[in-house]
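*Asks:* Need a 3D model of the following:
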Amino acid sequence: MIDPLTQMISLLQPSASFSKLVTATSPWAVRPPREGPFYAALLEGDLELSVSGQPSVRVQAGDFVLIPATYDFTVTSLTPPSGGRVMDPVEIRPGVFHLGGPGEPDTRMLIGYCLFGAHDAPLLVSLLPQLVVVRGDRRLTTLVELLSGEARSTRPRRGIGSPP
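*Replies:* Here you go, the predicted model:
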């Protein structure tokens, strides 16, 4: 059986343009900038995600999220900060950011923005929902985690072509 969503995303030819690891200690809330298609792989914890005033969706560890177009959205811990206060992530080391207060993080996610290589991407994106959540497919989350780890690696010869 053919999965139409998988076909649509394949036709879009996505590639990551920016990614980072984010840890968070509850309570926290963030409103990421509107910089294009957004993705997130939730590695640990649970969170609430609300896109453009739609009802919030609970996202759990192992879930993958794609917001295929530029929309306002908010991401919060299950218990958000009082008064709906949003915060800016703090960079704790290169490519790793933290939300919330001190203490042991209860959430860990890989997030980023992507580009679509298809020449008809605007048409294809218009056919997708505002929010795509792939639940419990740990393979997809693991793939994103491995690619991110490789990109952040400081091993010798990183970024250099294949060894002779």
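*Asks:* can you pull out the helices in this structure?
*Replies:* With helices called from DSSP state H, the chain shows them at 4-12, 121-126, 138-152.
*Asks:* average model confidence for the second one?
*Replies:* Per-residue pLDDT values over helix 121-126 give a mean of 92.
*Asks:* Could you pull out the buried residues of that helix?
*Replies:* Across helix 121-126, burial judged by 16 or more other Cβ atoms under 10 Å covers 121, 124-125. Every residue, glycine included, has its C-beta placed from N, CA and C.
*Asks:* again with stretch 111-119
*Replies:* Residues 111-114, 116 are the ones in stretch 111-119 that count as buried (16+ other Cβ under 10 Å).
*Asks:* just these now: which is nearest residue 46?
*Replies:* Checking the buried residues of stretch 111-119 against residue 46 with Cβ to Cβ, the nearest one is residue 111 at 15.4 Å.
*Asks:* Distance of the closest one relative to residue 122?
*Replies:* According to Cβ to Cβ, to the nearest Å, residue 111 stands 23 Å off from residue 122.
*Asks:* Tell me the pLDDT of residue 19.
*Replies:* Note on residue 19: pLDDT of 85.
*Asks:* That one contacts residue 111, correct?
*Replies:* Yes - judged on Cβ atoms under 8 Å, residue 19 makes contact with residue 111 at a distance of 6.8 Å.
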